[in-house]
Every structure is written in structure tokens, then in C-alpha cells.
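> Okay, sequence plus prediction incoming.
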2 protein chains.
Amino acid sequence: MQVTIDGRAQHFRTVAFAPTRNEVRLIEQRLLPHEFKVIGTHDFRETARAIRDMVVRGAGAIGATAAYGLAQGALAFRGHHLPRFEAHLTCVFETLRDARPTAVDPVNAMLEVRRKMQAATTVADQQALALTAAEEFADEAVAHCRALGEVGVSLIREGMRVLTHCNAGWLAFVDIGSATAPLYAAHQQGRAFHVYCDETRPRSQGATLTAWELAQQGLAHQVIADNAAGLLFSRGQIDLVIVGSDRTLGRSGEVANKIGTYTKAVLAKRHGVPFYVAIPLSTLDWNLPDGAAIPLEERDAAEVLGAWGLTQSGQREYVRVANPSSGAYNPGFDVTPPELITGIITPAGIFRPQDLWQNRSLLGG
Amino acid sequence: MQVTIDGRAQHFRTVAFAPTRNEVRLIEQRLLPHEFKVIGTHDFRETARAIRDMVVRGAGAIGATAAYGLAQGALAFRGHHLPRFEAHLTCVFETLRDARPTAVDPVNAMLEVRRKMQAATTVADQQALALTAAEEFADEAVAHCRALGEVGVSLIREGMRVLTHCNAGWLAFVDIGSATAPLYAAHQQGRAFHVYCDETRPRSQGATLTAWELAQQGLAHQVIADNAAGLLFSRGQIDLVIVGSDRTLGRSGEVANKIGTYTKAVLAKRHGVPFYVAIPLSTLDWNLPDGAAIPLEERDAAEVLGAWGLTQSGQREYVRVANPSSGAYNPGFDVTPPELITGIITPAGIFRPQDLWQNRSLLGG
């Protein structure tokens, strides 16, 4: 998407690759919204660290980063000995996979690249294919998000007030995003509407990343405290909710997403407001039987007990907000049942969550 | 309540008066939870500033502060001329009232003190009565909170997990608190239970004030992000909700309270968890017809866009969290309808919100 730097609009992807330098290029998301910076990693171990340390985050974005990281590792190999190359690749694969062990996207992305590499029989040819396959993976991810926008754009009508939660925007993918895709498509068509960004404590991705994205693209928006949505619903000030998902179960229609999503779905149902989940096909899980089987990450209490921000003097710093002797409980995700979800927006169309399973052939299942 | 300072437990009220120095003594709540400090104001204008600048906050606490402030203003008068004394008192009254123009407690508290002063006919006697009346007001407020605890204590059973929102604790009253009163009473009876404190963004009163209070009294508790309650409800990890109220309508049974309260009530209803509101009688409004008539304060966007906390170097500082070019919408309160409320805990007993009106003679209406 476009980013305006010193008054000049430039186009960036969240994740890219510079083959001449064997460099993975990443937007340094930990500095946003206060500083925009693209960093380069020059070794697959450095790329794995960037995933682990959340320089790059978001299911789609870390998938593409892992795909590029695998190509980067392949290209760095010197020699012609295929078994040794294979052993090296296994090490690269495992290093990148273990950077975020609960995520499924990096694994799927790297398996896809390795599958395509099999078409060649020499190290050099496999190296060339690795690069092509990683680029294809990223391009296809962008095409999926663009398709999500085309499918979902008709939901966004003139004058609407749309609520979104967390960041399912272009920073969470290679480009365009999932929940944001219909918003960007409608904005490009000249439709005027207003977006409420849930702050999304404890990591505040709504206030930092989504608000930054929307501001860069010129979409009208306001940040609200996570507590405020209830009042807005009760006063009829929200017309539509769109969120992303970290894992959507094809069998049960349940949606795992950032903590707080379920609450918004309950409120939307009570007030008769449509609640949509936008996902690329890679987010669909056809194996798990139901939401109880989804492992829900419990995160560091420090996230709840304080906040990261910019001090008066311009330093990025963590401040402790809560009582120093108190602890916190910090679950990262919750699960929304299908009866609270109006529709799942996919590149292949909009489906009721209960209908995903019967349409699995359309949905890559 | 007890506060442990340098290992020694001492008893403090949120608001007190030192007659020999004509000094209103207040816990400086803006420094909590990072520093415990009692400050003194020596002039009614200084007392009004302490209310305005939120050194002291919470309906019950600012009511008692205004009562003491009126006595302080009365005692500072020099002379015997009654009409001049009356004119001076009017100025004191208006100064204290205008410190928080939307609050009703300071007005009611000061009217009560003035009413009792009418029993005397000289300036000196009225001054003495002002002091007595203010002390009586504060003592009665404490007695009401203690009665709340006795009424509500049976709701707190061994092993329960109780959710509370914002701070309706002793820091919001003269002592004991409203929502916390049953918790403190059950704790004193030796019952073991666990309290989840909603962080309560944007001002984080749950993470700062309630968590500090509970820690001081030794109650088991954890802070959670406002977003996390939905997951806890859906997993059956919350057995009871108790919150306070800023205004409860005797006619309609609606409850105005800190933003986010309505959302918790909706979740509690969906999951069949009892939802109680604990209030002293002064919180009841017998005039307004319904919630639409309650003026809901819209507060400074900066509260949503950042956070106050302690930096690594120990400075209390505001950090900007959100995207710098984004704005925020920051409503301070919401309204919960009676059908979501299991009961209103009052010093006179527990009532269904729909039954308040028919019991108004019991409830001071």
C-alpha cells in the first residue's frame, strides 16, 4: 500500500525480497506508528529472529517472510552436492518454523516453496526455483487479499460506520490485508464511511497499526477504547463489524481471533448488526473438530500491566500502569461460535460459517 | 481501610478532616498505585481544585470532600455578621459545586450540611455545626458502605471467581467502597475467592486503584484486559459480577456506570452469570424518567490515545500509544438496562432493578 514519507507517496509491501543482495526486506512494525522504517535481513537466522522478535507479525506476513527466508537460505548455499543442500534446507526450514511455533502459515508457505523446488534436479536450478516460488507465494497472497476486497466491497455502503478489531490490515499480510481489504476497495471506489478502530489492549494493534494504516490511506477513522463499543452499539452508531481471524475451523465454523473479538460478536448479535470475518483460504483449518481443540496462547502479564508508547521527550518506552504488586492473566485469543457470525468473506465468496464444510472443495479444503 | 507503609499497617479514610488546622486531608489518588501520599488542603478553593484536578475522585469521596470543604470555608470566616457569613457560604458552596459540574453527590452533601447549620442562629454556632455536620456526613457514608457489605456478603461464596469493573472501592468513597464492600466483608470472614479486575481503559482505574486496594487488603486478584472477560465467561471462569454505579434510575431501573459496564452485563446475561450493582442510597436518582435522559460525559481523546505509567527510570509519565495523526472518541459512561441486572445491592437490602420504584420509601426516594 501507499505510505507517505516526507510528503511523497511510495508503495511498499510488508514483506519483500531483494535478490541481488539476498535480502529479505521488512517493515519494522515494532517502531510503528511512531517511525516508518524498512529493515533488511541478510541471513535466514536473522530472518527467523525478525519473526520471533515480531519485527514482522500477522499470519500472512510471517508466512511470506518464511517463504522468502527459505529461498534466502537456499540461495546462500555454496556448492553442488544435492544431499548436503537438502540437509542445509532442513536446517533452514526448522529454524524459520521454530521462530513462532504456534503459527501454521510459515510451515504451509515453506512446504509450498519446497514442493516447487522438487521440479529441478541440480542445486543451482533448485536455488532459482526457490526464489521464483517464494515470489509466487507472495504474489498469490496479495491476489487473495485483493479478491477478498472485491468480494467484500459491496458490504460497505455510503455513510456506514464500521467497527474493526486488532490489525487484520496490510501490515498483517504481504499487502492489502483481510478485514481491511473491503474497506480499501470501497475507499478506492470513492465511497465515504467511518471506521472505529478498537484500541485492542493489551498490545494495542488497533490504535497503533490499524489507525496508522487507515491514516496513510486517508480513511476517516477514530480509535475507541475496547470498552466503548457497547455504548456505540446500544446507540445505533455501528452498522457493520469486520474482523480477521487467526484460525477458522472448516468443520465447526468457529473463528479464533484476537482476544476481545468474541465480545464484539456478542454485542453485534444483541443489536442486530452484521458481523463478518474476512480470511484468505490459508486461515481455514479443516482438521480440528471444534474450538475447544484450538490451543489458545497465554501471553506475558507485562502486556496487560503496562503499555508501550512515546514519552514527551520522544523516547519509545514501556510504562508500568498497574499496581506493582498485582499480577495479570493475559490470554491472547478467543473463539467466536458460528451463530454469532453473519458471514465469512473469502476470496471465493461469502459463506455462512455453518456452510464452510459443504463448500470445502471451493475453499481449498 | 488498612494501608501498609514501610511494613506497618495503618488505617486511612480516603477523605478526612483535621479541625485544629482547618485542613481537609485527601489520599492523592493521581499518584496511586505507585506512591501513597496524603495531602492537606487549607482553603476551600484549594479543596475545590483538588476535586477538579482529581486528587480525589469517585462519587462518595467527592461528596464527603465537598461537605468538609464547606465546613472548612465556614470555619475560615472571621466576624459575627450573619448576612455576610451567608454570602460567604454561598460563594464556598458554588466554588465546590462547580469543581465537577456533572456530579450530584457534592451538591447533596453540602445541602445536608447547610440544612443542619440552620439550627443555630449565630455565626460561631453555625461554624461549630458545620464541622459536626460534615463529620456526621462522612461517618454516615461509611456506615452505608458497611451496610452494603453486610447485605452483599452472602453472595460471595468460597472459591468463587468474581469480576469487577473500574474502581467502586474505598478510594471512591470515604471508606470500604460499594462494589468492594461485600468482597471485603467476605474476606474478613475468612472466605477465599478470586477477583478479576478489568483494567478499565482508558483511565485504567481497575489496574491502578482497584488492584492496589485489593493488594493492600490481601485479596487474591489478577488484572485482565477489558477484552479478556469474554473468553473467561465463555469458559465458565467467572461466577459473579459486582460493579458500582454513578447514577441508578429509581424509575426505570437503569444503571449508568463507567464505560464498559454494559458490555460485561451483556456477556454475563449470555452466560447465565449473576450481575449485581452495589450502591449507597445517594446514587439513586428518582427524577429522571430513563437512561436516554442521563447526560453522558465525553472525555479528552488523549486518555484513549495514550497511557499514564511509571517509566523504567521511575518517572510518572504519559506515553502516546496510538498513531499520532489519529483521533479518538472517548465516552466516559454507558447505561445498562434492568433486564441485564440480577440485583441492586443497597444498604436497605437487595432489590431487582424493576422493583426500586415500588420500594422507594425504603430507599430514601
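Structure received. Numbers count the residues shown, from 1 in each chain, chains lettered A, B, ... in the order given.
> could you point out the longest helix in chain A?
Looking across chain A with DSSP state H, the single longest helix is helix A:123-152.
> Work out the gap between the helix or strand following that helix and the centre of the chain.
The helix or strand immediately downstream of helix A:123-152 is strand A:161-164, counting by DSSP states H and E. Strand A:161-164 has its average C-alpha position 18 Å from the chain's average C-alpha position, going by Cα atoms, centre = their mean, to the nearest Å.
> swap in stretch A:52-67?
8 Å.
> Straight-line length of that stretch, end to end?
Start-to-end span of stretch A:52-67 (Cα to Cα, to the nearest Å) is 15 Å.
> sorry, back to before: in terms of secondary structure, what does the longest helix of chain A contact?
strand A:15-18, helix A:59-75, helix A:82-97, helix A:105-117, helix A:181-188, strand A:275-278, strand A:343-346, strand A:349-351 (3 or more Cβ pairs under 8 Å, 6 or more residues apart in numbering or on different chains; DSSP states H and E). For every residue, glycine as well, the C-beta is placed using N, CA and C.
> Of all the ones you listed, which one is nearest chain B?
Of all these, strand A:275-278 sits nearest to chain B, with 13.5 Å by Cβ to the nearest Cβ.
> partners of that closest one in the sheet?
Partner strands for strand A:275-278, per DSSP bridges, with pairing direction: strand A:240-243 (parallel), strand A:343-346 (parallel).
> Averaged pLDDT, the first one. What do you get?
Mean pLDDT, taken over the full extent of strand A:240-243, equals 98.
> Contacts for whichever helix or strand comes after it next, please.
Sequence order places strand A:247-249 as the next helix or strand after strand A:240-243, per DSSP H and E. Strand A:247-249 is contacted by residues A:104, A:254-256, A:277, A:279, A:283-285, A:288-291, A:294, A:344, A:353, A:356 when judged by Cβ atoms under 8 Å, 6 or more residues apart in numbering or on different chains.
> tell me the domain boundaries of chain A?
According to automatic domain parsing, chain A comprises the domains A:2-146, A:153-359.
> what's the neighbour count on the nearest residue to A:Phe93 once chain neighbours are set aside?
Of all residues beyond its chain neighbours, the one nearest A:Phe93 is A:Met110 (5.5 Å), with distances taken as Cβ to Cβ, 6 or more residues apart in numbering or on different chains. Neighbour count for A:Met110, taken as other Cβ atoms under 10 Å in any protein chain shown: 26.
> pretty sure A:Met110 is touching A:Arg97, no?
Yes. Under the criterion of Cβ atoms under 8 Å, A:Met110 makes contact with A:Arg97 at 7.1 Å.
> what ranges do the helices span in the stretch 151-300 of chain A?
With helices called from DSSP state H, counting those that start in this stretch, the stretch 151-300 of chain A shows them at A:181-188, A:205, A:211-217, A:229-234, A:261-270.
> Per-residue confidence, A:Asp246, what does it come out as?
Value for A:Asp246, per-residue pLDDT: 88.
> ok, now which ones touch A:Leu362?
A:348-349.
> Check the gap between it and chain B for me.
Going from A:Leu362 to chain B by Cβ to the nearest Cβ, to the nearest Å gives 30 Å.
> where does the stretch 1-150 of chain A come near chain B, residue by residue?
A:32-34 (Cβ under 8 Å from any Cβ of the partner chain).
> Go through those residues and name the one nearest chain B.
Of these, the one sitting nearest to chain B (Cβ to the nearest Cβ) turns out to be A:Pro33, at 3.7 Å.
> Could you look up the SS state of that closest one?
Applying DSSP: H, G, I helix; E, B strand; the rest coil to A:Pro33 yields a three-state assignment of coil.
> Show me which parts of stretch A:325-341 are buried, residue by residue.
By neighbour count on 16 or more other Cβ atoms under 10 Å in any protein chain shown, the buried set for stretch A:325-341 is A:326-338, A:340-341.
> try stretch A:147-167
For stretch A:147-167, by 16+ other Cβ under 10 Å, it's A:147-149, A:151-153, A:155-156, A:160-167.
> I'd like the mean pLDDT over stretch A:281-291, please.
Mean per-residue pLDDT for stretch A:281-291: 90.
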